[in-house]
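A.B. asks: What would the 3D arrangement of this be:
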Amino acid sequence: MSPILKRDVAETVRQARRLAAAAGLRDYDEYGEYELDPVGVSKVAAANTRSGGAVASGSAEWDRDRERTDHERGREVTEGRSTSLDLDHGESYDNAPLLRAHDDSESVTTTMSAIEGKWGDLKGLLFSSTPSLLFGLLGLVFSGELLEHCARWRVFRRVDELFILVPMIGNLKGNLEMCLSARLGTSATLGELDGRQTRRSLLIANMTLLGLQALLISSLAAVISFLLGLITIHRLGDVPAGSGPSNGTVSDPSQSDPWREGTTRPGGAQLVMVLATGMGAAGLSSLALGSFMSSLVVVCRWKGVDPDNITPPVAACLGDLVTLFVLALIGTLLVGAMDTVGPLLGVILMGAAASWFTVRVLRDEWVRNIARGAWLPLIGAMLISSGTGMVLESGVGKYRGFALLAISMTGLTGSLGAIHANRLSTTLHTALHPESRSSRERKAHGLTPGQSIIVLFVLAFPCQGAFLLFVHFSGWSDVDLGWVGWVAYTVTTIFSLVVAHYLTIFCWWRDLDPDSYTLPLHSATVDLVGQIVLMCAYELCIWRGNTSVMEVADSVRRTVMT
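C.D. replies: Numbers count the residues shown, from 1 in each chain. All right, here's what the predicted structure looks like:
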């Protein structure tokens, strides 16, 4: 029997015992033979381990004696209620108005508590999500500006495979940090970060898992970018000094060095260089971003703020920005030593670190099960991102302002869906956790998943409007798609929220942790679909006669063809 089904059966048995005790048929014992079965306890612990929150048998959070004391008090209250059933008919009739008044008072109190809970959850969602969404948008914009600036650096001109690596490793790092913040957010809501010793062991375990995932997935991304570099036609920056431009050679207006197009055949030095740069950037950025996101979740817990409303946009934007910056710096440091043994030694050291991380993760009960099943969504998201990169490359060459609008079309809508997925996943974990009664009550009085979707959908439009005003007055873009652009944005927002909801439910139904499976697949899918929808919006504007949204070269080409 699955742990979830067994827990449901146990809860049904307890409810039946409560009813029997209330009727005076028997005494109520919370811990019956079924609940104290050691197999059942191990199943509960296994289910908690699946979600990254294993319950140690000797931890302070699961104090069996304290629970038994509470239930003994509940038994005394139950016995008192059972005794009240022995009152004579006349006395109970006299007390009937008082009992009805008491029930009405409890009903009003419950209703007021539910209203206050929903209002508090609504305010928390609005006032904590809006700043983080705007911050995430600005971070993504600056990531694009940084990428354009770094593209002129010598390392990217000499090793073009690094430029192919940038979108894959950027998406990878954003997904890793979002999954980390989702797991820690769930643990914070369950109260697992309240105890100092438990918090320390949980954070160390998740940071170790983050380092392992970053090193292994970045090495795979580096190999894929190297293979793509074998067949990609792109520029070559290493033209021998003193050799003038030959046939097919033009001058790069941003550089004094000539460059030409052709098919490159990188060798072993380029492969080692890409591996060292990619793994080094992923490892160092994981250390910095993982520490920051862990601290952010802990601070949110201390301040009484729901981290699920804040962390997804911050993790997404910082994952791209910091990783790109670190990758450019490491590549610049290694490009001069590319033909030496230095990059190879770096790869060997990072491979040894990955082996040590693997041993530590497999011995840690907090992340052991997560490490065994969290690779497929990351690899799937990376493969989807390769298709997204081709769509982006096609759109940038044909449409004006496509790259900038794609940031809000995919980045903002993806963050909205990630917030909803995090909140829903936390609610599902809280409902089945054996130690989270207060958390269950707080979540029950908060917004329902449907209400959360409506609030996030409404919140999307002010954020998009603020972004468009910012890029317009800053002079970064003057493209106006009109109502077509808003329709495309609405479609993408609805798609993101719906996919986040049902993908989380599907993962939970399949007994997969949504904190590890939902966010990578959701982020990559929204990026791809959002850019396709944006391309359709551009084509619709062109079909309606608005040729100002086209790039100049493409506009001239279409004019000549017509």
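A.B. asks: Now do the strands in the chain.
C.D. replies: Using DSSP state E, the strands of the chain run over 233-236, 249-251, 258-263.
A.B. asks: what pLDDT, on average, does the shortest one get?
C.D. replies: This means strand 249-251. With pLDDT averaged residue by residue, strand 249-251 scores 37.
A.B. asks: How about the last one?
C.D. replies: Per-residue pLDDT over strand 258-263 has a mean of 42.
A.B. asks: Neighbours of Val487, how many?
C.D. replies: 15 (other C-beta atoms under 10 Å). Heads up, the C-betas are built off the backbone N, CA and C, glycines and all.
A.B. asks: Oops, could you answer that again for Ser496 instead?
C.D. replies: The tally of other residues near Ser496 (other C-beta under 10 Å) stands at 29.
A.B. asks: neighbours around the residue found closest to it once you drop the neighbours it is linked to in the chain, how many?
C.D. replies: Among residues not flanking Ser496 along the chain, Gly417 sits closest, at 3.7 Å (C-beta to C-beta, 6 or more residues apart in numbering). By other C-beta under 10 Å, the residues close to Gly417 number 31.
A.B. asks: Repeat that for Phe325.
C.D. replies: For Phe325, using other C-beta under 10 Å, the count is 15.
A.B. asks: I'd say it and Leu146 touch.
C.D. replies: Yes: using C-beta atoms under 8 Å, Phe325 is in contact with Leu146, at 6.5 Å.
A.B. asks: Thought Thr492 was touching Met409, still the case?
C.D. replies: Yes: the pair Met409 / Thr492 is scored as a contact, 5.7 Å apart, by C-beta under 8 Å.
A.B. asks: Please enumerate the shared neighbours of those two.
C.D. replies: Counting by C-beta atoms under 8 Å, 6 or more residues apart in numbering, the shared contacts of Met409 and Thr492 are Gly530, Val533, Leu534.
A.B. asks: Mind checking which of the residues you listed are buried?
C.D. replies: Gly530, Val533, Leu534 (16 or more other C-beta atoms under 10 Å).
A.B. asks: Distance check, the residue nearest to the last one when sequence neighbours are not counted against Leu333.
C.D. replies: The shortest distance from Leu534 to any non-neighbouring residue, by C-beta to C-beta, 6+ apart, is to Met409 (4.9 Å). Distance of Met409 to Leu333, given as C-beta to C-beta, to the nearest Å: 35 Å.
A.B. asks: Looking at the two, which has the bigger crowd around it?
C.D. replies: Neighbour count, other C-beta under 10 Å: between Met409 and Leu333, Met409 has more, with 26 against 13.
A.B. asks: still on that earlier bit, ok, the residue nearest to Leu534 - contacts?
C.D. replies: With contact taken as C-beta under 8 Å, 6+ apart, Met409 is in contact with Ala488, Tyr489, Thr492, Gly530, Gln531, Val533, Leu534.
A.B. asks: Model confidence score at it, please.
C.D. replies: pLDDT recorded at Met409 is 81.
A.B. asks: ok, it to Gly482 distance?
C.D. replies: 15 Å.
A.B. asks: Quick check, Thr208 in contact with Trp366.
C.D. replies: No: taking C-beta under 8 Å as the definition, Thr208 is not a contact partner of Trp366, at 9.5 Å.
A.B. asks: okay, the two: which has more neighbours?
C.D. replies: Between Thr208 and Trp366, counted using other C-beta under 10 Å, Trp366 has the larger neighbour count: 25 against 22.
A.B. asks: which residues touch the spatially closest residue to the more buried one that is not a sequence neighbour?
C.D. replies: Excluding the flanking residues, the one nearest Trp366 by C-beta to C-beta, 6+ apart is Ala205, at 3.9 Å. Ala205 sits next to Val361, Asp364, Trp366, Val367 when contact means C-beta under 8 Å, 6+ apart.
A.B. asks: can you put the contacts of Met409 in a markdown table and add pLDDT?
C.D. replies: Below are those laid out as a markdown table (pLDDT from 0 to 100):
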| residue | pLDDT |
| --- | --- |
| Ala488 | 90 |
| Tyr489 | 91 |
| Thr492 | 94 |
| Gly530 | 90 |
| Gln531 | 88 |
| Val533 | 91 |
| Leu534 | 89 |
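A.B. asks: gap between the residue nearest to Leu428 when sequence neighbours are not counted and Gly446?
C.D. replies: Nearest residue to Leu428, sequence neighbours excluded (C-beta to C-beta, 6+ apart): Trp508, at 5.2 Å. Trp508 is 18 Å from Gly446, where distance means C-beta to C-beta.
A.B. asks: Good, we can wrap up now.
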